[in-house]
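J.: Okay, here's the prediction I keep looking at, along with the sequence it came from:
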Amino acid sequence: MLEETRQAPRPSWAPGLAAMRTITLAHLPQEAAAGLSVAAVAIPIALAYAALTGVPPAVGLYASIFPMVAYAIFGPSRYLIVGPDTATCLLIASALATLGLTSAEDRAVAASALALAVGAGFALAALAKLGFVASLLSRPILVGYLGGVALTLLISQISNFTGVRLLSDGLLNPIVEIVRRGGEIHWLTLAIASGFFVLLRVLMALAPRLPAAAVVIVAAIALSWGLNWQSQGVAVIGTIPSGLPLPRLPDVGGKLAQLALPALGLLVVSFSSGILTARSFGEKLREQGDPNLELRGFAAANIAAGLFQGFSVTGADSRTAVNLASGGRTPLVAVFAALALGLVVTTLTAPLSYLPQAVLGAILASAAIGLVDVRGFVRLARIDRAELFFALVAMVGVIWFGVLQGVFLAMAVTLAHLLRLVARPQHSSLGLIPGGVEAVDLSKHPDAVPPADGVAFRFEASLLFMNADYFNQQALIALAANPSARWLLLDASLIQYGDSTAMETLDRLRETLADRGVRLSIAGARGRFMTAIERSGLARRLGSDAILHDSMTVLAHRYAGRS
(Lines give C-alpha, C1' and ligand atoms only; values in the text may rest on other atoms or scores of the structure.)
Protein backbone atom coordinates (compact mmCIF):
# COMPACT_ATOMS: atom_id res chain seq x y z
CA MET A 1 0.00 0.00 0.00
CA LEU A 2 2.81 2.39 0.87
CA GLU A 3 4.44 1.98 -2.54
CA GLU A 4 1.09 2.35 -4.32
CA THR A 5 0.48 5.62 -2.51
CA ARG A 6 3.90 7.02 -3.34
CA GLN A 7 3.44 6.33 -7.02
CA ALA A 8 -0.11 7.64 -7.23
CA PRO A 9 -0.77 10.73 -9.35
CA ARG A 10 -1.46 13.81 -7.28
CA PRO A 11 -3.56 16.48 -8.99
CA SER A 12 -2.81 19.93 -7.65
CA TRP A 13 -6.39 20.62 -6.56
CA ALA A 14 -6.94 17.54 -4.36
CA PRO A 15 -3.81 15.45 -3.72
CA GLY A 16 -5.39 13.69 -0.75
CA LEU A 17 -8.29 12.47 -2.84
CA ALA A 18 -5.87 10.97 -5.34
CA ALA A 19 -4.08 9.13 -2.54
CA MET A 20 -7.36 7.68 -1.26
CA ARG A 21 -8.14 6.28 -4.71
CA THR A 22 -5.16 3.93 -4.43
CA ILE A 23 -6.72 2.09 -1.47
CA THR A 24 -8.08 -1.39 -2.08
CA LEU A 25 -10.76 -3.17 -0.07
CA ALA A 26 -8.09 -5.25 1.63
CA HIS A 27 -6.59 -2.12 3.16
CA LEU A 28 -9.83 -0.62 4.50
CA PRO A 29 -9.85 -2.47 7.89
CA GLN A 30 -6.38 -1.19 8.75
CA GLU A 31 -7.24 2.39 7.80
CA ALA A 32 -10.54 2.19 9.72
CA ALA A 33 -8.77 0.87 12.84
CA ALA A 34 -6.23 3.69 12.66
CA GLY A 35 -9.09 6.18 12.28
CA LEU A 36 -10.78 4.88 15.43
CA SER A 37 -7.50 5.22 17.34
CA VAL A 38 -7.13 8.82 16.17
CA ALA A 39 -10.72 9.57 17.20
CA ALA A 40 -10.14 8.12 20.67
CA VAL A 41 -7.30 10.60 21.20
CA ALA A 42 -9.07 13.49 19.47
CA ILE A 43 -12.19 13.50 21.67
CA PRO A 44 -10.56 14.43 25.00
CA ILE A 45 -8.22 16.89 23.29
CA ALA A 46 -11.14 18.58 21.51
CA LEU A 47 -13.05 19.00 24.77
CA ALA A 48 -9.97 20.24 26.63
CA TYR A 49 -9.06 22.82 24.00
CA ALA A 50 -12.66 24.05 23.80
CA ALA A 51 -12.44 24.72 27.54
CA LEU A 52 -9.10 26.46 27.02
CA THR A 53 -10.52 28.85 24.42
CA GLY A 54 -13.67 29.49 26.46
CA VAL A 55 -16.15 28.16 23.88
CA PRO A 56 -18.84 25.46 24.26
CA PRO A 57 -17.47 21.87 24.26
CA ALA A 58 -19.25 21.03 21.01
CA VAL A 59 -17.17 23.65 19.19
CA GLY A 60 -14.00 21.71 19.96
CA LEU A 61 -15.57 18.58 18.49
CA TYR A 62 -16.69 20.46 15.37
CA ALA A 63 -13.12 21.76 14.97
CA SER A 64 -11.90 18.18 15.04
CA ILE A 65 -14.37 16.74 12.51
CA PHE A 66 -14.78 18.93 9.45
CA PRO A 67 -11.18 20.24 9.15
CA MET A 68 -9.88 16.66 9.18
CA VAL A 69 -12.02 15.79 6.18
CA ALA A 70 -11.10 19.00 4.34
CA TYR A 71 -7.38 18.43 4.82
CA ALA A 72 -7.74 14.75 3.91
CA ILE A 73 -9.06 15.86 0.51
CA PHE A 74 -6.99 18.97 -0.22
CA GLY A 75 -3.86 18.46 1.90
CA PRO A 76 -0.64 17.01 0.42
CA SER A 77 0.43 14.81 3.33
CA ARG A 78 -0.65 11.16 3.46
CA TYR A 79 -0.24 10.92 7.22
CA LEU A 80 -0.78 14.37 8.80
CA ILE A 81 -3.87 14.79 11.00
CA VAL A 82 -5.09 18.33 11.65
CA GLY A 83 -6.97 19.56 14.69
CA PRO A 84 -6.85 21.88 17.70
CA ASP A 85 -3.37 22.73 18.97
CA THR A 86 -2.16 24.17 22.28
CA ALA A 87 -0.36 27.20 20.88
CA THR A 88 -3.13 28.18 18.46
CA CYS A 89 -5.85 27.69 21.07
CA LEU A 90 -4.01 29.94 23.53
CA LEU A 91 -3.74 32.52 20.77
CA ILE A 92 -7.47 32.22 20.09
CA ALA A 93 -8.24 32.62 23.80
CA SER A 94 -5.99 35.69 23.97
CA ALA A 95 -7.58 37.23 20.87
CA LEU A 96 -11.12 36.64 22.17
CA ALA A 97 -10.17 38.23 25.49
CA THR A 98 -8.93 41.39 23.74
CA LEU A 99 -12.31 41.64 21.96
CA GLY A 100 -14.05 41.81 25.32
CA LEU A 101 -16.25 38.78 24.65
CA THR A 102 -17.54 37.08 27.79
CA SER A 103 -20.32 34.66 26.80
CA ALA A 104 -19.31 31.27 25.39
CA GLU A 105 -21.69 31.71 22.44
CA ASP A 106 -20.23 35.07 21.40
CA ARG A 107 -16.72 33.68 21.72
CA ALA A 108 -17.69 30.70 19.55
CA VAL A 109 -18.93 32.96 16.75
CA ALA A 110 -15.78 35.10 16.88
CA ALA A 111 -13.59 31.99 16.95
CA SER A 112 -15.31 30.72 13.79
CA ALA A 113 -14.76 34.08 12.11
CA LEU A 114 -11.09 33.92 13.08
CA ALA A 115 -10.83 30.46 11.53
CA LEU A 116 -12.33 31.75 8.28
CA ALA A 117 -9.93 34.70 8.26
CA VAL A 118 -6.98 32.38 8.87
CA GLY A 119 -8.20 30.06 6.11
CA ALA A 120 -8.46 32.98 3.69
CA GLY A 121 -4.97 34.06 4.70
CA PHE A 122 -3.63 30.58 4.02
CA ALA A 123 -5.31 30.58 0.59
CA LEU A 124 -3.79 33.95 -0.35
CA ALA A 125 -0.38 32.84 0.93
CA ALA A 126 -0.66 29.68 -1.17
CA LEU A 127 -1.43 31.71 -4.29
CA ALA A 128 1.59 33.91 -3.58
CA LYS A 129 3.75 30.84 -2.80
CA LEU A 130 4.73 32.18 0.62
CA GLY A 131 5.68 28.82 2.10
CA PHE A 132 9.07 30.23 3.06
CA VAL A 133 7.33 32.33 5.75
CA ALA A 134 7.48 29.28 8.03
CA SER A 135 11.23 29.90 8.27
CA LEU A 136 10.63 33.26 9.98
CA LEU A 137 10.14 31.41 13.25
CA SER A 138 13.47 29.68 13.70
CA ARG A 139 13.85 26.57 15.82
CA PRO A 140 15.33 28.46 18.83
CA ILE A 141 12.45 30.93 18.76
CA LEU A 142 9.90 28.10 18.58
CA VAL A 143 11.58 26.29 21.48
CA GLY A 144 11.32 29.42 23.60
CA TYR A 145 7.84 30.27 22.38
CA LEU A 146 6.48 26.81 23.20
CA GLY A 147 8.19 26.97 26.59
CA GLY A 148 6.35 30.22 27.30
CA VAL A 149 3.10 28.72 26.04
CA ALA A 150 3.61 25.72 28.35
CA LEU A 151 4.12 27.88 31.44
CA THR A 152 1.17 30.09 30.50
CA LEU A 153 -1.02 27.02 29.99
CA LEU A 154 0.03 25.51 33.31
CA ILE A 155 -0.80 28.70 35.20
CA SER A 156 -4.14 28.98 33.42
CA GLN A 157 -5.16 25.57 34.81
CA ILE A 158 -5.03 26.71 38.44
CA SER A 159 -8.75 27.47 38.30
CA ASN A 160 -9.62 24.03 36.90
CA PHE A 161 -7.48 22.34 39.56
CA THR A 162 -8.79 24.31 42.53
CA GLY A 163 -12.32 25.28 41.54
CA VAL A 164 -11.49 28.93 42.26
CA ARG A 165 -12.24 31.40 39.46
CA LEU A 166 -9.14 33.59 39.47
CA LEU A 167 -9.29 37.25 38.45
CA SER A 168 -5.55 37.80 37.89
CA ASP A 169 -3.54 37.08 34.79
CA GLY A 170 0.16 36.82 34.04
CA LEU A 171 2.65 34.39 35.55
CA LEU A 172 2.99 35.31 39.23
CA ASN A 173 -0.27 37.13 39.97
CA PRO A 174 -2.49 34.00 39.72
CA ILE A 175 -0.15 32.16 42.08
CA VAL A 176 -0.28 35.02 44.58
CA GLU A 177 -4.07 35.17 44.27
CA ILE A 178 -4.61 31.46 44.86
CA VAL A 179 -2.37 31.59 47.92
CA ARG A 180 -4.36 34.58 49.23
CA ARG A 181 -7.68 32.82 48.51
CA GLY A 182 -6.57 29.40 49.75
CA GLY A 183 -9.64 29.05 51.92
CA GLU A 184 -11.84 28.94 48.80
CA ILE A 185 -10.13 25.89 47.28
CA HIS A 186 -12.56 23.06 46.53
CA TRP A 187 -10.54 20.14 47.82
CA LEU A 188 -12.48 17.41 46.03
CA THR A 189 -11.88 19.21 42.73
CA LEU A 190 -8.17 19.48 43.55
CA ALA A 191 -8.03 15.77 44.41
CA ILE A 192 -9.79 14.80 41.18
CA ALA A 193 -7.55 16.98 39.01
CA SER A 194 -4.35 15.85 40.73
CA GLY A 195 -5.31 12.19 40.74
CA PHE A 196 -6.22 12.07 37.07
CA PHE A 197 -3.13 14.10 36.16
CA VAL A 198 -0.94 11.49 37.88
CA LEU A 199 -2.92 8.66 36.26
CA LEU A 200 -2.49 10.26 32.85
CA ARG A 201 1.28 10.67 33.24
CA VAL A 202 1.67 7.09 34.52
CA LEU A 203 -0.32 5.66 31.60
CA MET A 204 1.71 7.69 29.13
CA ALA A 205 4.96 6.42 30.64
CA LEU A 206 4.00 2.75 31.02
CA ALA A 207 1.82 2.31 27.93
CA PRO A 208 2.77 4.98 25.37
CA ARG A 209 0.63 3.41 22.64
CA LEU A 210 -2.49 3.45 24.80
CA PRO A 211 -4.83 6.46 24.23
CA ALA A 212 -4.28 7.59 27.82
CA ALA A 213 -6.45 10.71 27.59
CA ALA A 214 -9.39 8.65 26.30
CA VAL A 215 -8.98 6.11 29.13
CA VAL A 216 -8.89 8.93 31.67
CA ILE A 217 -12.04 10.53 30.26
CA VAL A 218 -14.00 7.26 30.29
CA ALA A 219 -12.94 6.61 33.89
CA ALA A 220 -13.76 10.17 34.94
CA ILE A 221 -17.22 10.08 33.35
CA ALA A 222 -18.01 6.76 35.04
CA LEU A 223 -16.86 7.98 38.47
CA SER A 224 -18.56 11.36 38.07
CA TRP A 225 -21.88 9.67 37.21
CA GLY A 226 -21.57 6.93 39.81
CA LEU A 227 -20.46 9.17 42.71
CA ASN A 228 -22.57 12.16 41.66
CA TRP A 229 -19.65 14.56 41.85
CA GLN A 230 -21.71 17.44 40.49
CA SER A 231 -23.92 17.41 43.61
CA GLN A 232 -20.73 17.72 45.68
CA GLY A 233 -19.71 20.97 43.99
CA VAL A 234 -17.50 19.58 41.22
CA ALA A 235 -17.95 21.54 37.97
CA VAL A 236 -18.75 19.45 34.89
CA ILE A 237 -18.83 20.47 31.22
CA GLY A 238 -22.63 20.18 31.11
CA THR A 239 -25.01 19.61 28.25
CA ILE A 240 -23.54 19.24 24.76
CA PRO A 241 -26.01 19.74 21.90
CA SER A 242 -26.50 16.59 19.87
CA GLY A 243 -26.09 16.61 16.10
CA LEU A 244 -23.84 18.17 13.51
CA PRO A 245 -23.97 21.84 12.50
CA LEU A 246 -24.90 23.15 9.08
CA PRO A 247 -22.44 25.43 7.27
CA ARG A 248 -22.94 29.14 7.86
CA LEU A 249 -20.99 32.38 7.85
CA PRO A 250 -20.31 33.69 11.37
CA ASP A 251 -21.77 37.13 12.13
CA VAL A 252 -19.30 39.18 14.19
CA GLY A 253 -20.99 42.54 13.66
CA GLY A 254 -18.56 45.45 13.75
CA LYS A 255 -15.63 43.47 15.15
CA LEU A 256 -14.35 42.20 11.79
CA ALA A 257 -11.49 44.72 11.58
CA GLN A 258 -10.40 43.82 15.11
CA LEU A 259 -9.84 40.23 13.99
CA ALA A 260 -7.16 41.15 11.43
CA LEU A 261 -4.14 41.29 13.76
CA PRO A 262 -5.07 38.14 15.75
CA ALA A 263 -5.70 36.33 12.46
CA LEU A 264 -2.21 37.26 11.24
CA GLY A 265 -0.65 35.92 14.43
CA LEU A 266 -2.69 32.74 14.18
CA LEU A 267 -1.71 32.35 10.54
CA VAL A 268 2.02 32.48 11.27
CA VAL A 269 1.93 30.29 14.38
CA SER A 270 -0.45 27.65 13.05
CA PHE A 271 1.50 27.31 9.81
CA SER A 272 4.86 27.18 11.59
CA SER A 273 3.56 24.61 14.07
CA GLY A 274 1.83 22.58 11.35
CA ILE A 275 4.77 22.56 8.96
CA LEU A 276 7.13 21.52 11.78
CA THR A 277 4.81 18.63 12.59
CA ALA A 278 4.60 17.63 8.92
CA ARG A 279 8.38 17.85 8.49
CA SER A 280 9.24 15.93 11.65
CA PHE A 281 6.98 13.00 10.75
CA GLY A 282 7.98 13.28 7.09
CA GLU A 283 11.61 12.73 8.07
CA LYS A 284 10.63 9.48 9.78
CA LEU A 285 9.01 8.30 6.54
CA ARG A 286 11.79 9.79 4.40
CA GLU A 287 9.37 12.09 2.66
CA GLN A 288 9.88 15.78 1.97
CA GLY A 289 6.81 18.01 2.07
CA ASP A 290 6.03 21.12 0.08
CA PRO A 291 5.22 24.15 2.32
CA ASN A 292 3.21 25.81 -0.45
CA LEU A 293 0.99 22.74 -0.84
CA GLU A 294 0.60 22.62 2.95
CA LEU A 295 -0.67 26.19 2.79
CA ARG A 296 -3.52 25.00 0.58
CA GLY A 297 -4.29 22.08 2.85
CA PHE A 298 -4.37 24.30 5.94
CA ALA A 299 -6.52 26.82 4.04
CA ALA A 300 -9.15 24.15 3.34
CA ALA A 301 -9.04 22.88 6.94
CA ASN A 302 -9.50 26.33 8.50
CA ILE A 303 -12.21 27.40 6.07
CA ALA A 304 -14.09 24.20 6.93
CA ALA A 305 -13.61 24.94 10.64
CA GLY A 306 -15.01 28.45 10.22
CA LEU A 307 -18.01 27.40 8.14
CA PHE A 308 -18.96 24.55 10.49
CA GLN A 309 -18.74 26.53 13.76
CA GLY A 310 -15.29 25.33 14.81
CA PHE A 311 -12.07 27.23 15.47
CA SER A 312 -8.65 27.45 13.87
CA VAL A 313 -6.64 24.23 13.49
CA THR A 314 -3.17 23.11 12.45
CA GLY A 315 -1.07 19.96 12.24
CA ALA A 316 -1.69 17.85 15.35
CA ASP A 317 1.40 15.99 16.51
CA SER A 318 -0.27 13.64 19.03
CA ARG A 319 -2.99 12.53 16.60
CA THR A 320 -0.50 12.18 13.74
CA ALA A 321 1.72 10.02 15.95
CA VAL A 322 -1.27 7.81 16.80
CA ASN A 323 -2.09 7.54 13.12
CA LEU A 324 1.37 6.25 12.23
CA ALA A 325 1.59 3.98 15.28
CA SER A 326 -1.75 2.41 14.30
CA GLY A 327 -0.57 1.62 10.79
CA GLY A 328 -2.44 4.39 8.96
CA ARG A 329 -0.74 5.57 5.81
CA THR A 330 -3.36 7.44 3.75
CA PRO A 331 -5.74 10.39 4.24
CA LEU A 332 -8.60 7.91 4.52
CA VAL A 333 -7.64 7.54 8.21
CA ALA A 334 -8.78 11.12 8.83
CA VAL A 335 -12.11 10.39 7.13
CA PHE A 336 -12.75 7.37 9.36
CA ALA A 337 -11.72 9.39 12.43
CA ALA A 338 -14.14 12.17 11.46
CA LEU A 339 -16.95 9.63 11.01
CA ALA A 340 -16.27 8.23 14.48
CA LEU A 341 -16.30 11.72 15.99
CA GLY A 342 -19.50 12.51 14.13
CA LEU A 343 -21.09 9.39 15.66
CA VAL A 344 -20.10 10.60 19.13
CA VAL A 345 -21.55 14.07 18.52
CA THR A 346 -24.86 12.68 17.27
CA THR A 347 -25.41 9.83 19.76
CA LEU A 348 -23.05 9.99 22.77
CA THR A 349 -23.16 13.57 24.02
CA ALA A 350 -25.18 12.70 27.13
CA PRO A 351 -22.36 10.77 28.87
CA LEU A 352 -19.87 13.53 28.05
CA SER A 353 -21.93 16.02 30.07
CA TYR A 354 -20.73 14.31 33.28
CA LEU A 355 -17.07 14.97 32.53
CA PRO A 356 -15.49 17.15 35.28
CA GLN A 357 -13.76 20.35 34.24
CA ALA A 358 -10.95 19.31 36.58
CA VAL A 359 -10.13 16.35 34.33
CA LEU A 360 -9.90 18.64 31.32
CA GLY A 361 -7.50 20.75 33.37
CA ALA A 362 -5.42 17.65 34.07
CA ILE A 363 -5.26 16.84 30.34
CA LEU A 364 -4.20 20.41 29.49
CA ALA A 365 -1.59 20.47 32.25
CA SER A 366 -0.15 17.23 30.92
CA ALA A 367 -0.09 18.70 27.40
CA ALA A 368 1.73 21.77 28.75
CA ILE A 369 4.47 19.63 30.26
CA GLY A 370 4.89 17.88 26.92
CA LEU A 371 5.50 21.24 25.23
CA VAL A 372 8.60 22.07 27.27
CA ASP A 373 11.62 21.01 25.23
CA VAL A 374 14.27 20.79 27.94
CA ARG A 375 16.67 19.02 25.63
CA GLY A 376 16.16 21.78 23.09
CA PHE A 377 17.24 24.44 25.61
CA VAL A 378 20.27 22.36 26.63
CA ARG A 379 21.23 21.80 23.00
CA LEU A 380 20.99 25.52 22.25
CA ALA A 381 23.19 26.31 25.24
CA ARG A 382 25.75 23.82 23.99
CA ILE A 383 25.76 24.96 20.36
CA ASP A 384 25.21 28.73 20.49
CA ARG A 385 24.55 30.87 23.57
CA ALA A 386 23.12 33.61 21.35
CA GLU A 387 20.35 31.28 20.15
CA LEU A 388 19.66 30.28 23.75
CA PHE A 389 19.21 33.98 24.50
CA PHE A 390 16.70 34.33 21.65
CA ALA A 391 14.78 31.31 22.94
CA LEU A 392 14.61 32.85 26.42
CA VAL A 393 13.48 36.19 24.98
CA ALA A 394 10.66 34.45 23.13
CA MET A 395 9.64 32.54 26.26
CA VAL A 396 9.65 35.65 28.46
CA GLY A 397 7.73 37.56 25.77
CA VAL A 398 4.91 35.03 25.77
CA ILE A 399 4.75 34.96 29.57
CA TRP A 400 5.16 38.67 30.23
CA PHE A 401 3.34 40.33 27.33
CA GLY A 402 0.84 37.62 26.33
CA VAL A 403 0.63 34.85 23.78
CA LEU A 404 -0.35 37.00 20.79
CA GLN A 405 2.25 39.66 21.56
CA GLY A 406 4.81 36.92 22.15
CA VAL A 407 4.28 35.66 18.58
CA PHE A 408 5.19 39.01 17.08
CA LEU A 409 8.05 39.49 19.52
CA ALA A 410 9.41 36.10 18.41
CA MET A 411 9.13 37.16 14.78
CA ALA A 412 10.80 40.52 15.52
CA VAL A 413 13.66 38.85 17.37
CA THR A 414 14.16 36.41 14.51
CA LEU A 415 14.24 39.15 11.90
CA ALA A 416 16.52 41.30 14.05
CA HIS A 417 18.89 38.37 14.39
CA LEU A 418 18.86 37.80 10.63
CA LEU A 419 19.48 41.49 9.97
CA ARG A 420 22.35 41.49 12.42
CA LEU A 421 23.92 38.51 10.68
CA VAL A 422 23.57 40.19 7.30
CA ALA A 423 24.68 43.63 8.51
CA ARG A 424 27.65 42.32 10.53
CA PRO A 425 28.70 39.05 8.88
CA GLN A 426 31.81 37.02 9.62
CA HIS A 427 35.03 38.13 7.93
CA SER A 428 38.66 37.19 8.25
CA SER A 429 42.19 37.83 7.06
CA LEU A 430 43.75 34.77 5.46
CA GLY A 431 47.15 33.19 5.65
CA LEU A 432 48.95 29.99 4.85
CA ILE A 433 49.96 27.23 7.24
CA PRO A 434 53.68 26.44 6.66
CA GLY A 435 53.98 23.49 4.31
CA GLY A 436 50.30 23.70 3.33
CA VAL A 437 48.44 25.06 0.34
CA GLU A 438 45.14 26.05 1.96
CA ALA A 439 44.19 29.60 2.93
CA VAL A 440 43.00 29.70 6.55
CA ASP A 441 41.63 32.25 9.00
CA LEU A 442 44.61 33.85 10.77
CA SER A 443 42.61 34.42 13.96
CA LYS A 444 41.86 30.68 14.26
CA HIS A 445 45.28 29.42 13.18
CA PRO A 446 48.07 31.24 15.07
CA ASP A 447 50.71 29.23 13.22
CA ALA A 448 49.51 30.45 9.80
CA VAL A 449 51.71 32.98 7.96
CA PRO A 450 50.11 36.02 6.27
CA PRO A 451 51.41 37.17 2.87
CA ALA A 452 54.36 39.53 3.29
CA ASP A 453 53.36 42.11 0.70
CA GLY A 454 49.59 41.93 0.75
CA VAL A 455 46.36 41.08 2.54
CA ALA A 456 43.86 38.35 1.65
CA PHE A 457 40.44 39.31 3.05
CA ARG A 458 37.38 37.04 3.13
CA PHE A 459 33.81 38.35 3.51
CA GLU A 460 31.25 35.65 4.39
CA ALA A 461 27.94 37.09 3.17
CA SER A 462 26.29 38.76 0.23
CA LEU A 463 27.43 42.37 -0.15
CA LEU A 464 24.41 44.64 0.30
CA PHE A 465 23.48 48.19 1.20
CA MET A 466 23.11 47.25 4.86
CA ASN A 467 26.65 45.88 5.23
CA ALA A 468 28.57 47.74 2.51
CA ASP A 469 30.01 50.37 4.88
CA TYR A 470 30.89 47.65 7.38
CA PHE A 471 32.68 45.72 4.64
CA ASN A 472 34.64 48.81 3.61
CA GLN A 473 35.62 49.53 7.21
CA GLN A 474 36.75 45.98 7.96
CA ALA A 475 38.70 45.69 4.69
CA LEU A 476 40.65 48.84 5.54
CA ILE A 477 41.26 47.60 9.10
CA ALA A 478 42.61 44.33 7.68
CA LEU A 479 44.87 46.30 5.32
CA ALA A 480 46.15 48.49 8.15
CA ALA A 481 47.50 45.37 9.89
CA ASN A 482 50.15 45.10 7.14
CA PRO A 483 51.69 48.57 6.45
CA SER A 484 53.88 47.14 3.66
CA ALA A 485 50.96 45.69 1.71
CA ARG A 486 50.91 46.42 -2.00
CA TRP A 487 47.70 44.52 -2.78
CA LEU A 488 44.38 43.60 -1.18
CA LEU A 489 42.78 40.39 -2.38
CA LEU A 490 39.05 39.97 -1.72
CA ASP A 491 38.08 36.32 -1.43
CA ALA A 492 34.53 36.48 -2.85
CA SER A 493 33.90 32.74 -2.84
CA LEU A 494 31.19 33.15 -0.16
CA ILE A 495 29.59 36.29 -1.64
CA GLN A 496 26.51 35.26 -3.60
CA TYR A 497 25.03 38.63 -4.46
CA GLY A 498 25.99 42.30 -4.66
CA ASP A 499 23.63 45.24 -5.12
CA SER A 500 24.32 48.69 -6.61
CA THR A 501 25.45 50.06 -3.23
CA ALA A 502 27.95 47.23 -2.96
CA MET A 503 29.37 48.01 -6.40
CA GLU A 504 29.77 51.69 -5.49
CA THR A 505 31.48 50.70 -2.24
CA LEU A 506 33.90 48.40 -4.05
CA ASP A 507 34.67 51.12 -6.59
CA ARG A 508 35.28 53.61 -3.79
CA LEU A 509 37.53 51.10 -2.05
CA ARG A 510 39.45 50.61 -5.30
CA GLU A 511 40.07 54.37 -5.55
CA THR A 512 41.06 54.66 -1.89
CA LEU A 513 43.56 51.83 -2.25
CA ALA A 514 44.92 53.23 -5.51
CA ASP A 515 45.71 56.52 -3.74
CA ARG A 516 47.81 54.49 -1.28
CA GLY A 517 49.57 52.52 -3.99
CA VAL A 518 47.61 49.36 -3.19
CA ARG A 519 45.83 47.32 -5.86
CA LEU A 520 42.47 45.66 -5.33
CA SER A 521 41.88 42.16 -6.74
CA ILE A 522 38.84 39.90 -6.48
CA ALA A 523 39.06 36.10 -6.44
CA GLY A 524 36.37 33.45 -6.63
CA ALA A 525 33.52 35.77 -7.70
CA ARG A 526 30.73 33.87 -9.44
CA GLY A 527 27.03 33.86 -10.17
CA ARG A 528 25.01 37.00 -9.51
CA PHE A 529 27.90 38.72 -7.74
CA MET A 530 30.15 38.34 -10.77
CA THR A 531 27.33 39.53 -13.01
CA ALA A 532 26.97 42.70 -10.91
CA ILE A 533 30.74 43.32 -11.10
CA GLU A 534 30.65 43.06 -14.88
CA ARG A 535 27.47 45.10 -15.46
CA SER A 536 28.59 47.91 -13.15
CA GLY A 537 31.83 48.36 -15.08
CA LEU A 538 33.91 47.52 -12.02
CA ALA A 539 35.56 44.57 -13.79
CA ARG A 540 36.80 46.91 -16.54
CA ARG A 541 38.13 49.48 -14.08
CA LEU A 542 39.91 46.83 -12.03
CA GLY A 543 41.48 45.22 -15.09
CA SER A 544 41.15 41.69 -16.36
CA ASP A 545 44.23 40.53 -14.43
CA ALA A 546 42.58 41.64 -11.14
CA ILE A 547 39.52 39.38 -11.61
CA LEU A 548 40.90 36.03 -10.58
CA HIS A 549 39.05 32.77 -11.04
CA ASP A 550 41.65 30.60 -9.37
CA SER A 551 40.74 28.83 -6.16
CA MET A 552 41.91 30.41 -2.93
CA THR A 553 44.23 27.47 -2.40
CA VAL A 554 46.16 28.31 -5.55
CA LEU A 555 46.08 32.02 -4.82
CA ALA A 556 47.32 31.56 -1.28
CA HIS A 557 50.16 29.44 -2.59
CA ARG A 558 50.96 32.01 -5.26
CA TYR A 559 51.03 34.96 -2.89
CA ALA A 560 52.89 33.01 -0.24
CA GLY A 561 55.48 32.33 -2.94
CA ARG A 562 55.73 36.02 -3.71
CA SER A 563 56.43 36.74 -0.09
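T.: Structure received. Note that the structure is predicted; figures quoted are calculated from it, not measured. Numbers count the residues shown, from 1 in each chain.

J.: Can you tell me how far the residue most central in space within the chain is from T314?
T.: Centroid-nearest residue in the chain: S272, 3.0 Å away (criterion: CA atoms, centre = their mean). Going from S272 to T314 by CB to CB, to the nearest Å gives 9 Å. Placement of C-beta: from N, CA and C, glycine included.

J.: Next: L388.
T.: According to CB to CB, L388 stands 26 Å off from T314.

J.: And those two? Which one has more around it.
T.: Between L388 and T314, counting by other CB atoms under 10 Å, T314 is the more crowded of the two (30 against 20).

J.: got a list of what that one touches?
T.: Neighbouring residues of T314 by CB atoms under 8 Å, 6 or more residues apart in numbering: V82, G83, D85, T88, V269, S270, F271, S273, G274, T277, F298.

J.: between those residues, which is nearest K255?
T.: Closest approach between these and K255, by CB to CB: T88, at 19.5 Å.

J.: and the closest residue to that closest one other than its chain neighbours, what does it touch?
T.: Distances taken as CB to CB, 6 or more residues apart in numbering put S270 closest to T88, at 4.8 Å, once the chain neighbours are dropped. Residues near S270 by CB under 8 Å, 6+ apart: D85, A87, T88, V118, F298, N302, S312, V313, T314.

J.: State the distance from S270 to S94.
T.: In this view, S270 and S94 are 14 Å apart by CB to CB.

J.: Also Q258?
T.: Relative to S94, Q258 is positioned 13 Å away (CB to CB).

J.: Name the residue in these two with the higher neighbour count.
T.: Taking neighbours as other CB under 10 Å, Q258 and S94 compare with S94 leading, 22 against 15.

J.: so that one makes contact with G402?
T.: Yes: assessed by CB atoms under 8 Å, S94 is found in contact with G402 at 5.6 Å.

J.: Give me the common contacts of the two.
T.: The overlap between the contact sets of S94 and G402 (CB under 8 Å, 6+ apart) is empty.

J.: ok, residues contacting stretch 509-521?
T.: 472, 475-476, 479, 485-490, 506, 538, 541-542, 546-548.

J.: Could you identify the buried members of those residues?
T.: Buried members of the contacts of stretch 509-521, scored by 16 or more other CB atoms under 10 Å, are 472, 475, 479, 485-490, 506, 538, 542, 546-548.

J.: Point out the ones among those that are inside helices.
T.: Using DSSP state H, the subset of the buried ones among the contacts of stretch 509-521 located in helices is N472, A475, L479, L506, L538, L542.

J.: As TSV, those residues with distance to N228 and pLDDT would be great.
T.: Shown next, in TSV, are these (distance: CB to CB, whole Å; pLDDT from 0 to 100):
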residue	distance to N228	pLDDT
N472	80	96
A475	81	95
L479	86	94
L506	82	96
L538	86	95
L542	89	93
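
J.: Secondary structure class of the closest residue to A475 other than its chain neighbours, three-state.
T.: Ranked by CB to CB, 6+ apart and with sequence neighbours excluded, the top spatial neighbour of A475 is F457, at 5.4 Å. At F457, secondary structure determined by DSSP: H, G, I helix; E, B strand; the rest coil is strand.

J.: what helix or strand is the residue nearest to T88 on?
T.: Per DSSP states H and E: S270 is located in helix 260-284.

J.: Unless I'm misreading it, V455 sits right up against A480, doesn't it?
T.: No: counting by CB under 8 Å, V455 sits too far from A480 to count as a contact (9.1 Å).

J.: Of the two, which one has the most company?
T.: Comparing V455 with A480 by other CB under 10 Å, the one with more neighbours is V455, at 23 against 10.

J.: and that one, how far is that from A111?
T.: The spacing between V455 and A111, counted by CB to CB, is 62 Å.

J.: Please enumerate residues in contact with stretch 479-495?
T.: The contact list for stretch 479-495 (CB under 8 Å, 6+ apart) reads 429-430, 439, 450-463, 475, 478, 513, 517-526, 529, 548, 552, 555, 559.
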